[in-house]
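In: build me a structure from this.
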Amino acid sequence: MVEKIYLIRHGHINTGGEKRYLGVTDIPLDDLGIEQAKSLKSYFHPIPIDAVFTSPLQRCLKTSAILCDGKNLVSEVVENFSEINMGDWENRSIATIKSLYPEAYEQRGKDLEHFTPPHGESFKMLSQRVIKAFNAIVLKYSGTIVIVAHAGVNRMLLTQLLGKSINDMFSIEQPYACVGELIFEPTKEQWHYQRVF
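Out: Numbers count the residues shown, from 1 in each chain. Model (predicted):
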């Protein structure tokens with residue numbers, strides 16, 4: 001069983017200067033994001049890693065490729081680590097959604113766990129697919145692994161592993177290129193988490 005996990009959010013992306021519901025919109029790293037990924041590579045240079053797993057979206061693929069460079073590792077793509085699908089709200093600004101669909105926007109704020117945009121996913125649905133993939137990896141592999149994913153994905157993992165409510169997910173900070181360390185304590189059968197980078 002895996003004993004230590006480094007949970008990483010991909011590097012910075014250009015959202016056009018406004019907050020958007022990006023979800024599965026496949027935006028690449030910008031120049032700052034590439035520099036952040038290089039900083040991650042330097043951070044992990046002295047740390048032994050047994051396996052790396054990544055979301056299929058290019059902002060994660062590039063982050064993990066830079067991190068793996070020089071380590072004789074190739075990241076494995078995990079489809080279920082893709083960001084939440086925002087459906088008809090994909091790549092639209094929060095201001096636009098709030099203006100066009102005020103009732104739906106308000107409903108989402110009241111019930112983050114179950115609200116589902118048209119043709120999209122709820123955070124509950126995201127949580128279920130993410131934890132399923134996570135559990136399969138933890139049972140199959142051993143040692144120390146890295147997961148490169150998204151703010152939504154990482155928050156869903158952490159709410160599940162730390163016993164938090166999905167509605168409290170935004171209390172878990174996930175800035176671009178952050179690294180969290182998860183260590184499993186067998187005697188208590190629980191995960192401990194701390195931000196390390």
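In: next structured bit after the helix or strand harbouring Ile137?
Out: Applying DSSP states H and E as the criterion places Ile137 in helix 123-140. Per DSSP H and E, the first helix or strand lying C-terminal to helix 123-140 is strand 143-149.
In: show me what counts as buried in that next one.
Out: Going by neighbour count (16 or more other CB atoms under 10 Å), the buried part of strand 143-149 is Thr144, Ile145, Val146, Ile147, Val148, Ala149. Where C-beta positions appear, they are placed from N, C-alpha and C, glycine not excepted.
In: just checking, Val24 touches Glu90?
Out: Yes. When contacts are counted by CB atoms under 8 Å, Val24 is listed as touching Glu90 (6.8 Å).
In: now the strands for this structure?
Out: For the chain, the strands defined by DSSP state E cover 2-9, 20-21, 51-54, 76-77, 92-93, 143-149, 179-185, 190-195.
In: just these: most buried one?
Out: strand 143-149 (a mean of 24; mean count of other CB atoms under 10 Å).
In: let me know the angle separating that strand from strand 2-9.
Out: 20 degrees (axes from the mean of the first three to the mean of the last three CA atoms, to 10 degrees).
In: before we move on, back to that, the helix holding Ile137 - contacts with which helices or strands?
Out: With contacts taken as 3 or more CB pairs under 8 Å, 6 or more residues apart in numbering; DSSP states H and E, helix 123-140 sits against strand 2-9, strand 143-149, helix 151-162.
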